[in-house]
Structures are given as structure tokens and as C-alpha cells.
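K.L.:
quick one, what's the 3D model for this:
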Amino acid sequence: MTPLTIVLPIFNEAESLVALWRELQSMAEANDYRLRIVMIDDGSTDETWQVISQLANNDPLLLGIRFRRNFGKAAALTAGFDVAEDALIATMDADLQDDPAELPLLVAKLEQGVDVVSGWKIDRQDPWHKTLPSKVFNKLVGWITGVRLHDHNCGFKLYRREVFNEVRIYGELHRFIPVLAAARGFKIAEVPVNHRARRHGKSKYGVTRILKGLLDLLTVKFITGFGQRPQHLLGATGLVAFLVGTLLLAYLAAMWCITRLLPSMAPLHLHQTALLYYSLAGFLIGGQFLSIGLLGEMMTSFLIRKADLFSIAEHTSPGEKKSLGALPPVSETK
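P.N.:
Okay, here's the model as predicted:
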């Protein structure tokens, strides 16, 4: 029997939960999985918690968690990951659009030696105003981060437990878990999965999701690329601006002196020269970026943990240590 935990972040999905639970049980029976289910009620205002409580009474392997208010999907997933004990952890949405019957495909892909398998809703059952921005967003994420997936937003994913020993999420960074995991050296893959039309309720995401995603993308790029060396980005930007500003100010100072020494040249009035203000802006902004970079380095050096510096895939068994006296003698050549 393969042990598997499914983490379900839930917000106002009371009508879907019983059907989803039955589908998960049927899938587990058909594939010989020992299935643990973690349902997190993320501050629902309908009957979601009552349904979860009833299901937990009938299923000893189902754990329900209720938040005091809506904290967001990343918080719900984190709560679920904290209590998940199995080596394999899956996530999916609770609106019945993700098909539990597809889970064995993700497990089979994971067994090929990868650490994270992301679903790809190849025939997405959503309106165009959601699918088109999502396609653009996925292309942009792949170009900026180098982790090229067709569907970063897909909530149907499978992970090895050790991924969450190293990857931390907050805010709305849950959609970037594959990117954060890849930055730690974990192997990422994806498989096409069936996507079904919504049966109950309505989507919890609007247009603002894309705007927030773009801002989160900048955050993820900075974390994965410069999280431990902020001065390499901020300092480099500041240094270029500072040097350009300094050189332009030196040029203006030299030209002012020359026009004063040579009566034949028209005098240079610095306060009427736009280049002066550009030079001062570059000088001041460059200094600020350098200062912020130094502060970032100081904070990093104070807060950095040893676990943030590297990621260990495996190690050899220490075995039985041999004394030097047990080593064969070195042959001498005459």
C-alpha cells in the first residue's frame, strides 16, 4: 500500500465536499493507496465546516482544520503541509474541477526520479478571460525564472515530503512552489490532467489575481536569484547610477570652468541645464541603492540559517571507520 496525503484548501465549497471525498476513496481503493486527507476550512461562510466534521466522523484518516478567518490559500496549504506525515503529498482544489482519477499519473511521473509534478490543464474548462491571461502569465514566469511549465496556476500537484522541509510559502506564493523548489535543486516535471467544468458555486479569483501574480513574480525572482546576495542586484544597479551621475557632474563642472576661462565660448548656466538634474538624480539614487543593498546584506548575514545555504539530496552511510593502522602499507620504490 502506498501512503499518500492529499491537502485540500477549502473556501465555501460545502456542496462539493461529499462528492469529492467519495471520488478520492474510489481512486484510493482502485490504486491501493493508504489515503490520508487534510481539509483546511479557510474561513468559509457557508456549511463547509459542518460537512468536514461529518466526513471526519466517518473517515478516521481525514483531518479537518478550521481557520478563524480567511487567511488565503498559501496559509491553508502551509497548515496542511505541517500535519502531513507521508512521503508523498498531493494538493488539489476542492471545487471538483480537478479529477482525482488523474492522481496515479502524477505518482507514476514522480517515480521516474522527480520531486515535484505539476498538473497541466491541457483542455481547461474556464472562460477565455481567465485562460488567456493565464497563458501569458505562464509564458512570463517561464521566461523570467527558467522553470517552464504550461500551468503554474494549476492547484493539482504532487510533491515529495522533503520539498516542504526547505520551501516556505506565504502571501500568495503557493503558485510558485515549483519555482521555489527548483531554486533549491529539486527536479520539476508536469503531466497533462483532465479538467472538469465547475459544478457548484463560482470561482474565488478575479482579474486582480493576475496583477498580484505579477508582483509575486518579482518577489520570487528576487528571492530565488538574490535572496542571499541582495547587494549583487541593488548594489550593481546603484553603482551604475552613481558612477554615471558622478561622471556627468564632473563633465558639467569641467565645462563650466572652461567656459569661464575662455571668453570666446558662451557661458554655461548650470541651473538652466537639464543634464544637471539628471546627473544629480543618478548620483542620489545610486547612493540610495548602494545603501539599501548594504542594509540588505547586513540583515541577511544576521538572519541567514545554515539550511538556507544548501540543499542535501542524500549522503553516504557513515559505516565503520577504519584506523590508519588497518590501511595497507605504501610500497617504497628504490
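
K.L.:
where does the stretch 101-250 of the chain have low pLDDT?
P.N.:
125-130, 200-209 (pLDDT under 70).

K.L.:
where do the helices sit along it?
P.N.:
103-110, 128-145, 177-183, 208-226, 230-261 (DSSP state H, counting those that start in this stretch).

K.L.:
can I get those in CSV with distance to residue 276 and mean neighbour count?
P.N.:
In short, each C-beta sits where N, CA and C put it, glycine included. Formatted as CSV, the helices of the stretch 101-250 of the chain follow (distance: least, CB to CB, whole Å; neighbours: other CB atoms under 10 Å):
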stretch, distance to residue 276, mean neighbour count
helix 103-110, 61, 18
helix 128-145, 36, 14
helix 177-183, 43, 23
helix 208-226, 32, 15
helix 230-261, 6, 15
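
K.L.:
so which of the ones you listed comes closest to residue 97?
P.N.:
helix 128-145 (11.8 Å; CB to CB).

K.L.:
and the angle from the closest one to helix 208-226?
P.N.:
Interaxial angle, helix 128-145 versus helix 208-226 (axes from the mean of the first three to the mean of the last three CA atoms, to 10 degrees): 10 degrees.

K.L.:
what about the strands in this protein?
P.N.:
2-10, 33-41, 62-66, 88-91, 116-121, 157-160, 188-193 (DSSP state E).

K.L.:
one step back: which of the helices of the stretch 101-250 of the chain sits closest to residue 46?
P.N.:
helix 208-226 (21.4 Å).

K.L.:
hmm, who's touching the closest one?
P.N.:
For helix 208-226, contacts defined as CB atoms under 8 Å, 6 or more residues apart in numbering pick out 133-134, 137, 140-141, 144-145, 153, 171-173, 175-176, 179-180, 183, 230, 232-234.

K.L.:
go again with 7 Å.
P.N.:
133, 137, 140-141, 144-145, 171-173, 175-176, 179-180, 183, 232-233 (CB atoms under 7 Å, 6 or more residues apart in numbering).

K.L.:
residue 97 - nearest residue in space that isn't next to it in sequence?
P.N.:
Distance criterion CB to CB, 6 or more residues apart in numbering; nearest residue to residue 97, sequence neighbours excluded, is residue 196 at 5.1 Å.

K.L.:
the one you found: neighbour count?
P.N.:
13 (other CB atoms under 10 Å).

K.L.:
now render the helices of the stretch 101-250 of the chain as JSON lines, adding distance to residue 121.
P.N.:
Output for the helices of the stretch 101-250 of the chain, formatted as JSON lines (distance: least, CB to CB, whole Å):
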{"stretch": "helix 103-110", "distance to residue 121": "13"}
{"stretch": "helix 128-145", "distance to residue 121": "9"}
{"stretch": "helix 177-183", "distance to residue 121": "15"}
{"stretch": "helix 208-226", "distance to residue 121": "16"}
{"stretch": "helix 230-261", "distance to residue 121": "34"}
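
K.L.:
for residue 74, what are its contacts?
P.N.:
Contacts of residue 74 (CB under 7 Å, 6+ apart): 169-174.
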